[in-house]
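J.: Quick one: sequence and predicted model below, then my questions.
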Amino acid sequence: MKHYDAPWSTSLILMSVITSIICLGVSAGGWWAAVAKHQAAPVRWVVLLPLAILFCTALFTIRGYAITSDAILVHRLLWSTALPRLGLESARVEPDAMRGSIRTFGNGGAFSFTGFYYNKRLGSYRAFVTDPRRSVVLRYATRRVVLSPAAPHDFVSDLG
């Protein structure tokens, strides 16, 4: 099994920091206001929602990728997502693959760019990305997947 890191782009770092500050600030401010005004316990629980959002998005952080004999693994914090090598038609380094994309469902920058996206060049695709400039596009017969390993050219070469 060959492992590749998933380095973060500057934009991902900035968006993750800003998201964290906003979520923590809203929760802290809401909790302080609820306690100061002696709000009922159910009202206090509402201020935990930004923390829950922050926690859930952090779970989907991409730690790296691995190539095995039968799959490409996307390593998250607590699990891995397997993409089969069977049916993979091509893998190409495309640094501009995500340019002009619209997120149709997923996360657009809190700890990763993951989920379902669309652009004119690729059509609908699934992204597991931490640095869009390192994009590798995997083409299957019926779908496209975009990854961003640390060494995209080596990744494609190792896929053969």
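T.: Arrived safely, thanks for sending. Fair warning: this is a prediction, and the values are worked out from it, not measured in the lab. Numbers count the residues shown, from 1 in each chain.

J.: all strands for the chain, in order.
T.: 2-5, 64-67, 71-75, 80-84, 88-93, 102-108, 113-119, 123-129, 136-140, 144-147 (DSSP state E).

J.: shouldn't residue 135 be in contact with residue 97?
T.: Yes: checked against CB atoms under 8 Å, the pair residue 135 and residue 97 is within contact range at 4.0 Å. Quick note: C-beta positions are derived from backbone N, CA and C, even for glycine.

J.: joint contacts of those two?
T.: residue 146 (CB atoms under 8 Å, 6 or more residues apart in numbering).

J.: Of these two, which one has the most company?
T.: residue 97 (26 against 22; other CB atoms under 10 Å).

J.: contacting residues around that one?
T.: Taking CB under 8 Å, 6+ apart, one finds 121, 122, 132, 135, 137, 146 in contact with residue 97.

J.: and it, how far is that from residue 61?
T.: The gap separating residue 97 from residue 61 is 21 Å, by CB to CB, to the nearest Å.

J.: Which helix runs longest in the chain?
T.: helix 10-36 (DSSP state H).

J.: Output the below-cut-off pLDDT ranges for this structure.
T.: 38-44 (pLDDT under 70).

J.: Please repeat the previous calculation with a cut-off of 50.
T.: Low-confidence segments of the chain (pLDDT under 50): none present.

J.: Could you dump the contacts of residue 97 into CSV and include distance to residue 101?
T.: CSV is the format used below for these (distance: CB to CB, whole Å):
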residue, distance to residue 101
121, 9
122, 8
132, 9
135, 10
137, 12
146, 9
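
J.: quick revisit: using CSV, lay out the strands of the chain together with mean neighbour count and distance to residue 47.
T.: Formatted as CSV, the strands of the chain follow (neighbours: other CB atoms under 10 Å; distance: least, CB to CB, whole Å):
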stretch, mean neighbour count, distance to residue 47
strand 2-5, 15, 36
strand 64-67, 19, 34
strand 71-75, 20, 32
strand 80-84, 14, 32
strand 88-93, 14, 44
strand 102-108, 13, 22
strand 113-119, 19, 26
strand 123-129, 20, 31
strand 136-140, 19, 41
strand 144-147, 21, 36
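
J.: looking at those strands, which is closest to residue 26?
T.: strand 102-108 (18.2 Å; CB to CB).

J.: Is residue 89 in contact with residue 140, as I believe?
T.: Yes: using CB under 8 Å, residue 89 is in contact with residue 140, at 6.1 Å.
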